[in-house]
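S.K.: turn this into a structure:
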Amino acid sequence: MTQTTQTTAVATQSDKGLITYQVAGQDVELSYQIVRDFLTKGGGHVSDQDMMLFISICKFNQFNPFLNEAYLVKYGTSPAQMVVSKEALMKRAEACDNYEGFKAGIIVHRNGEICELEGCFMLKDDTLVGGWAEVHRRDRKFPIISKVALSEYDKKQSTWNEKKSTMIRKVAIVQALREAFPTQLGAMYTAEEQGVKVEDVSYVDLSNRINSEEPIEQPDPDETPQNGNGQPKTIMI
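M.R.: This is a model prediction of the structure:
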């Protein structure tokens, strides 16, 4: 009887908040336990309220968090943050009837002048100072334009040090998309915009491990990796 009771308790805990929805014809199954074990970065304890909100937003926006379209970041007692990928925002924008594409690039200082270049390519002697993007809607007379300064977003960490032009262009794109589609993309922010520190690691598809009996090692909040300023790092997979 005791073993049966324990088994039932474990099953109930695993099913708490359980919901299934479809993304691109594939079933996505989320529960509080799945979010806690697979989709939370940082090692902090997320509350049921945090997980309920995360699951609800993923379902409403048809995000597949197992493809890194969205995840939670939680360190110690700091508030949980939901991070959305640029690809997820673009997918939402492309689903809108009035979306007509975008153009984006970087802003550089060249020979005493400020130049806006498409893409991420720049000359050796150029000084990168920002990024720009414009999103077009067929129901708007003018495009929505975003221009952002590199100094406001450069985190001086590996990804930004190695790919500054790529990263600042990405920030400009997501800001322009959000302004162009506030109803569909409002309150959705990427790691770069929220100040969440991101380190590159290889992508790992965790969807096939949900029902595995292999234990999932959770980071110890007291042993969270620190950056040079003593602040915790966020690792995105």
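
S.K.: what's the nearest residue to the most centrally placed residue in the chain if we skip its chain neighbours?
M.R.: For the chain, Val84 is the residue whose C-alpha lies nearest the centre (Cα atoms, centre = their mean; 2.9 Å). Nearest residue to Val84 in three dimensions, chain neighbours excluded: Met188, at 4.6 Å (Cβ to Cβ, 6 or more residues apart in numbering). Backbone N, C-alpha and C define where each C-beta goes, glycine included.

S.K.: that neighbour: neighbour count?
M.R.: Other residues within reach of Met188, judged by other Cβ atoms under 10 Å, total 22.

S.K.: tell me where the model's unsure across the chain.
M.R.: For the chain, the stretches with pLDDT under 70 are 1-14, 194-237.

S.K.: at 80 instead, please
M.R.: Applying pLDDT under 80 to the chain picks out residues 1-15, 43, 157-158, 186-189, 192-237.

S.K.: which residues touch the residue nearest to the centre of the chain?
M.R.: Contacts for Val84 (Cβ atoms under 8 Å, 6 or more residues apart in numbering) come out as 63, 69-70, 188-190.

S.K.: hmm, 7 Å instead?
M.R.: Contacts of Val84 were listed using Cβ atoms under 7 Å, 6 or more residues apart in numbering, and they are 69-70, 188-190.

S.K.: before we move on, what about Lys74?
M.R.: Counted by Cβ under 7 Å, 6+ apart, Lys74 has contacts 40, 42, 44, 46, 80.

S.K.: burial measure for the second one, as a count.
M.R.: What it means is Gly42. Quick note: Gly42 (other Cβ under 10 Å) scores 23 neighbours.

S.K.: not counting sequence-adjacent ones, nearest residue to it?
M.R.: Closest residue in space to Gly42, ignoring its immediate chain neighbours: Tyr75 at 4.5 Å, by Cβ to Cβ, 6+ apart.

S.K.: quickly find the element holding that neighbour.
M.R.: Per DSSP states H and E: Tyr75 is located in neither a helix nor a strand.

S.K.: show me the domain layout of this structure.
M.R.: Domains of the chain are assigned by automatic domain parsing as 2-85+195-236, 93-185.

S.K.: end-to-end on the shortest one?
M.R.: The reference is to domain 93-185. End-to-end distance for domain 93-185: 8 Å, by Cα to Cα, to the nearest Å.

S.K.: now stretch 153-164
M.R.: This stretch, stretch 153-164, spans 10 Å end to end (Cα to Cα).

S.K.: tell me how far stretch 15-26 is from the chain's mean position?
M.R.: Its chain's average C-alpha position is 19 Å from that of stretch 15-26, according to Cα atoms, centre = their mean, to the nearest Å.

S.K.: apart from its neighbours in sequence, what residue is nearest Lys59?
M.R.: Leaving aside its chain neighbours, Lys59 sits nearest to Tyr21 (4.8 Å; criterion: Cβ to Cβ, 6+ apart).

S.K.: bridging residues for that neighbour?
M.R.: Val28 (DSSP bridges).

S.K.: how far away is it from Asn61?
M.R.: Computed as Cβ to Cβ, to the nearest Å, the Tyr21 to Asn61 distance reads 10 Å.

S.K.: these two: which is more packed in?
M.R.: Using other Cβ under 10 Å, the more surrounded residue of Tyr21 and Asn61 is Asn61, with 19 against 16.

S.K.: can you verify my assumption that that one contacts Lys91?
M.R.: No: between Asn61 and Lys91 there is no contact under Cβ atoms under 7 Å: 8.9 Å.
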